[in-house]
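Trainee: Got a predicted model here, sequence first, then my questions.
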Amino acid sequence: MFERPESAPRKVFLETYGCQMNVADSQLVGGVLQRGGYVRTEDPADADVLLLNTCAIRERAEERVLGRLGELLQFKHARPSVQLGLLGCMATHMREQLLDRAPYLDLIVGPDGYRDLPILLDEGVDPRVDVRLDRDETYADLIPDHGPGPRAWLTVMRGCDKFCTFCVVPFTRGRERSLPPDAVVAQVEAAVAAGKREVVFLGQTVNAYGSDGADFGDLLRRAAAVDGLERIRFTSPHPSEVSDSMIAALADEPKVMPYLHLPLQSASNPVLEAMARDYTIEQYRELLARVRERVPGIAVSTDIIVGFPGETEAQFAQTAEFLEEARYDFAYQFKYSPREGTRAHKMPDTVSEEDKGRRLEQLIARQEEISFEKNQEQIGREVEVMVEGPARRPPGHVVGKSQSFKTTIFRDTGAAPGELVRVRVDGGSGHTLQASPL
Ligand code: SAH
Ligand code: SF4
Ligand code: F3S
């Protein structure tokens, strides 16, 4: 078989699973590997190094990755010099089982081990495992490879200290730490210099951000002062970390877009308590009202878990009722999935798979209707859209996001990606708005 000459750059295939923080981490890994002399390939058959950046949030996420590893193994069989590696949250969550279930892995590296990837890939030992969690690693000095489009994802804090009882993230990503505000501003400026017009600040509890005396509201204001940047978004804020400083930035800084993801999980106080969510439904309700009052028209989305251990039919009904009250623009809804190592894992999983499925379907169906109605309410309104590129359909149309993060499709006006176009909404489904340029 043909072997590349020694001097040719090695090719790396990198596939990403999980949340936006993983997407951003893959861009960071892309930058690190590029500087280490690697080039990216989209074709696994052509790669010298195959990497999966993985997610451990629910069992299904892990199963998908294990299945995919099995598929990628064929490329290693075809060319034994190919290295197969697993990065991300599964590396820290399943380390022991991985050595058992995928003994062919050459590399297992957790979220705090990316800085040295090129060195690890050059080492002869097999497998190379680096799943240490680091209290200080923020990669603040590393420039990610942002990829195409006008939006840059920037991780401003890493880890999580909340330890919600259902969640693996504090175990897979370690303790909370924030990048210095100067480093964030430098990354925003670098993104703008590279042609980006929007930044999305990322962190598992992004609004717990704090460094060098700057809180999250301060960080938003610092970024808003960067010339050439048009829009700032962030995800995922935690309800109990929403401060007046953050709400003031949402309300007063025109560049901070009117969209808030406010994970609820459940509307039943005993369930919230068993989840260790550290707010009550009354506090959450008051917060939502305060945000909506200070930022009129703000779009709000949420996360909900059904079938948490011990969730009764009546407690579930409270969550269903709260959907009616809150009228979210969008909701990500999940069946509870027991995760080894978490406190909830030790609680009896009392809700049957059938009941979990029914509860989930009921909420999804109702939220679909609400999302549709919320989008219908937009009809006739003028919104500003940042163009991202051609729409998949219809031909001759472009797609972008409105201020409140709604996917909006309209006739191509010749505006380039990153340009802002004012449009009037004239139709909407549950997922997209159709509009006409003004
Ligand atoms: N840090 C964010 C959430 C990150 S995980 C926050 O606290 O808001 C994204 C979502 O996945 C969570 O909000 C939760 O709804 C869901 N999730 C997390 N662990 C889960 C589990 N074990 N089973 C089902 N859903 C889960
Ligand atoms: Fe997980 Fe809770 Fe941390 Fe979110 S806040 S990442 S749900 S532990
Ligand atoms: Fe998954 Fe890790 Fe994100 S577990 S949701 S990739 S932080």
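Mentor: Now that the structure is in, tell me what you want to look at. Because the structure is predicted, anything quoted here is derived from the model rather than measured. Ligands and ions are numbered 1, 2, ... in the order given.
Trainee: Val399 - how many residues pack around it?
Mentor: 17 (other CB atoms under 10 Å). Just so you know, the C-beta spots here come from the backbone N, C-alpha and C atoms, and that holds for glycine as well.
Trainee: can you pull the pLDDT of the residue nearest to Asp161 when sequence neighbours are not counted?
Mentor: Excluding the flanking residues, the one nearest Asp161 by CB to CB, 6 or more residues apart in numbering is Glu176, at 4.5 Å. pLDDT for Glu176: 97.
Trainee: dump the residue contacts of Glu176.
Mentor: Taking CB atoms under 8 Å, 6 or more residues apart in numbering as the criterion, Glu176 is in contact with Met157, Arg158, Gly159, Cys160, Asp161, Thr205, Ala208.
Trainee: so Phe75 sits in a strand?
Mentor: No. Counting by DSSP: H, G, I helix; E, B strand; the rest coil, Phe75 is located in no strand; its state is helix.
Trainee: I'd like the distance between it and ligand 1.
Mentor: 31 Å (CB to the nearest ligand atom, to the nearest Å).
Trainee: cool, Leu52 as well?
Mentor: 19 Å.
Trainee: what's the answer for Asp426, then?
Mentor: From Asp426 to ligand 1 the distance is 34 Å (CB to the nearest ligand atom).
Trainee: quick one, phi psi at that residue?
Mentor: phi -120, psi 10 (degrees, to the nearest 10).
Trainee: Tell me where this protein has helices.
Mentor: Secondary structure of the chain (DSSP state H): helices located at 20-35, 59-78, 89-93, 95-101, 117-122, 169-173, 181-193, 216-224, 244-252, 269-275, 281-294, 313-326, 353-376.
Trainee: comparing those, which gets the lowest mean pLDDT score?
Mentor: Among the helices of the chain, helix 95-101 scores lowest, at a mean of 88.
Trainee: still on that earlier bit, taking the helices of the chain together, which one is wrapped up most tightly?
Mentor: helix 89-93 (a mean of 26; mean count of other CB atoms under 10 Å).
Trainee: what's that helix packed up against?
Mentor: In terms of contacts (3 or more CB pairs under 8 Å, 6 or more residues apart in numbering; DSSP states H and E), helix 89-93 is packed against strand 49-54, helix 59-78, helix 169-173.
Trainee: Among those, which comes closest to Pro348?
Mentor: Checking these against Pro348 by CB to CB gives helix 59-78 as the closest, at 17.2 Å.
Trainee: Just the angle for the closest one relative to strand 49-54, thanks.
Mentor: 170 degrees (axes from the mean of the first three to the mean of the last three CA atoms, to 10 degrees).
Trainee: Would you mind pulling the contact partners of helix 59-78?
Mentor: Counting by CB under 8 Å, 6+ apart, 1, 15, 17-18, 44-45, 47, 50, 52, 54-56, 82-84, 86, 90, 93-94, 101-102, 104-105, 337-339 sit against helix 59-78.
Trainee: Can you list which of the residues you listed are found in strands?
Mentor: Glu15, Leu50, Leu52, Thr54, Gln83, Leu84, Leu86 (DSSP state E).
Trainee: from those residues, which is closest to Glu282?
Mentor: Thr54 (37.8 Å).
Trainee: pretty sure the closest one contacts Ala91?
Mentor: Yes. Between Thr54 and Ala91 there is a contact at 7.0 Å, judged by CB atoms under 8 Å.
Trainee: And the chain, split by domain according to the record?
Mentor: Using automatic domain parsing, the domain parsing of the chain gives 11-130, 134-257, 263-377, 382-437.
Trainee: Show me how far the last one is from its chain's centre.
Mentor: Spelled out, that is domain 382-437. Counting by CA atoms, centre = their mean, to the nearest Å, domain 382-437 is centred 23 Å from the centre of its parent chain.
Trainee: I'd like the numbering to begin with 553 instead of 1 from here.
Mentor: Done: numbering now begins at 553, and the last item shifts to domain 934-989.
Trainee: and that domain, average pLDDT?
Mentor: Rounded mean pLDDT across domain 934-989 is 96.
Trainee: how long is it end to end?
Mentor: 9 Å (CA to CA, to the nearest Å).
Trainee: next one: the second one
Mentor: For domain 686-809, the first and last residues are 33 Å from each other (CA to CA).
Trainee: ok, back up a step: the helices of the chain: which one's closest to Gln955?
Mentor: helix 796-804 (11.6 Å).
Trainee: Could you count how many residues lie near Thr561?
Mentor: Wrong residue type there; residue 561 is Pro, not Thr. Pro561 has 12 neighbouring residues, counting by other CB under 10 Å.
Trainee: pLDDT wise, what is it at?
Mentor: Reported pLDDT for Pro561: 90.
Trainee: and the gap between it and ligand 2?
Mentor: 37 Å.
Trainee: follow-up on the earlier one: any of the contacts of Glu728 buried? List them.
Mentor: Met709, Arg710, Gly711, Cys712, Thr757, Ala760 (16 or more other CB atoms under 10 Å).
Trainee: ok so, going back, indicate which one of the helices and strands packed on helix 641-645 is closest to ligand 2.
Mentor: helix 721-725 (3.6 Å; CB to the nearest ligand atom).
Trainee: List the contacts of the closest one.
Mentor: Against helix 721-725 from outside (CB under 8 Å, 6+ apart): 573, 608-609, 640-642, 644-645, 662-664, 685, 710-715, 756, 893-894.
Trainee: filter the residues you listed by proximity to ligand 3?
Mentor: With the criterion set as CB under 6 Å from any ligand atom, the members of the contacts of helix 721-725 near ligand 3 are Met573, Ala608, Ile609, Gly640, Cys641, Gln756.
Trainee: Now distance to ligand 1 too, for the residues you listed, in JSON lines please.
Mentor: Shown next, in JSON lines, are those (distance: CB to the nearest ligand atom, whole Å):
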{"residue": "Met573", "distance to ligand 1": "9"}
{"residue": "Ala608", "distance to ligand 1": "9"}
{"residue": "Ile609", "distance to ligand 1": "5"}
{"residue": "Gly640", "distance to ligand 1": "14"}
{"residue": "Cys641", "distance to ligand 1": "10"}
{"residue": "Gln756", "distance to ligand 1": "4"}
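Trainee: from the residues you listed, which is closest to Gly780?
Mentor: Out of those, the member with the shortest distance to Gly780 (by CB to CB) is Met573, at 25.2 Å.
Trainee: surely the closest one meets Thr757?
Mentor: No. Here Met573 does not reach Thr757: they are 11.2 Å apart, not a contact under CB under 8 Å.
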